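>>> sharing a model prediction with you, sequence too.
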Amino acid sequence: MTATAPEVARRPGKIVCVGRNYLEHARELGNDVPERPLIFLKPPSALLAPGAAIELPPDSSRVEYEGEIGIVVGARLRHADETEARAAIRGVVALNDVTARDLQKSDGQWTRAKGFDTFCPVGPESPPPGDLDGLTVVTRVNGQERQRGAAREMAFSIPTILAYVSRVMTLEPGDIVATGTPAGVGPLAPGDEVEVEIVGVSLVRNPVVAAAAR
């Protein structure tokens, strides 16, 4: 695994995420796979380095892990096609799209549920492989595997996602695109350790703590 440490201090301009991109995950939440990529944003302030603690906010009673394949953009993309999008990939990172599931359901939109500080752990960046479809994401909690999914199982491929996003908003170098989570999401509790691995590529491991009430 050849990788560089994530430069958390140099935050990406934006973190674009895709929801319901794996059929079984959509089903476990009672949703259908959308007709086009369902995109949303996480704030760069949610970024978290490996080893730092995910803080469970007092506002939520159910915070869940979501292991994902993260893509780091290396060139400006605007109205790109899939070939241009594939060529613009700088790197791949393990990413945990931590989500306050109860707030996601109660708010009717996802900004608060996805946006708390510490809710986006990101692992070291590695160069993209020749076969993006061969990428596999695995999530473990306290050493037990909870999620496993391959990029080839996505409803929308990685180049399709990047090209689609570029038709909505310009992607800039350093931006991160999270490509969706497979089935198996579940709750986190204080004292847990959660690990997201892109097999052979990147890994991020974080302890879980209760945030102090403010």
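Nice, I can see it.
>>> toward the C-terminus from the least confident helix or strand in the chain by mean pLDDT, list the very next helix or strand.
Lowest mean confidence among the helices and strands of the chain (mean pLDDT, DSSP states H and E): helix 23-28, at a mean of 66. Counting by DSSP states H and E, the next helix or strand C-terminal to helix 23-28 is strand 38-42.
>>> quick one: buried residues of that next one?
By 16 or more other CB atoms under 10 Å, the buried positions in strand 38-42 come out as 38-40, 42. In this view, the C-beta of every residue, glycine as well, is placed from N, C-alpha and C.
>>> repeat that for stretch 126-139.
Using 16+ other CB under 10 Å as the test for burial, stretch 126-139 gives 126, 128, 132, 135-139.
>>> and what of stretch 142-154?
146-149, 151, 153-154.
>>> and the end-to-end length of it?
End-to-end distance of stretch 142-154 (CA to CA, to the nearest Å): 26 Å.
>>> picking that back up, which one of the buried residues of stretch 126-139 sits closest to residue 192?
Closest approach to residue 192 among the buried residues of stretch 126-139 (CB to CB): residue 139, at 11.7 Å.
>>> can you tell me the SS state at that closest one?
Taking DSSP: H, G, I helix; E, B strand; the rest coil as the rule, one finds residue 139 in the strand state.
>>> number of residues surrounding the residue lying closest to it once chain neighbours are set aside?
Once flanking residues are discounted, residue 139 sits nearest to residue 67: 3.3 Å by CB to CB, 6 or more residues apart in numbering. Using other CB atoms under 10 Å, the number of residues around residue 67 comes to 29.
>>> now do the one 4 residues further on
Residue 71 is surrounded by 29 other residues when neighbours are defined as other CB under 10 Å.
>>> same thing with the one 3 residues further on?
Counted with other CB under 10 Å, the burial measure for residue 74 works out to 18 neighbours.
>>> equivalent analysis for residue 66, please.
Look at residue 66: counted by other CB under 10 Å, it has 26 neighbours.
>>> which ones are touching it?
96-99, 139, 181, 185 (CB atoms under 8 Å, 6 or more residues apart in numbering).
>>> quick one: pLDDT of it?
Here, the pLDDT recorded for residue 66 equals 98.
>>> quick one: the residue nearest to residue 112 when sequence neighbours are not counted from residue 59, how far?
Excluding its sequence neighbours, the residue lying closest to residue 112 (CB to CB, 6+ apart) is residue 103, at 5.3 Å. As judged by CB to CB, to the nearest Å, residue 103 and residue 59 stand 7 Å apart.
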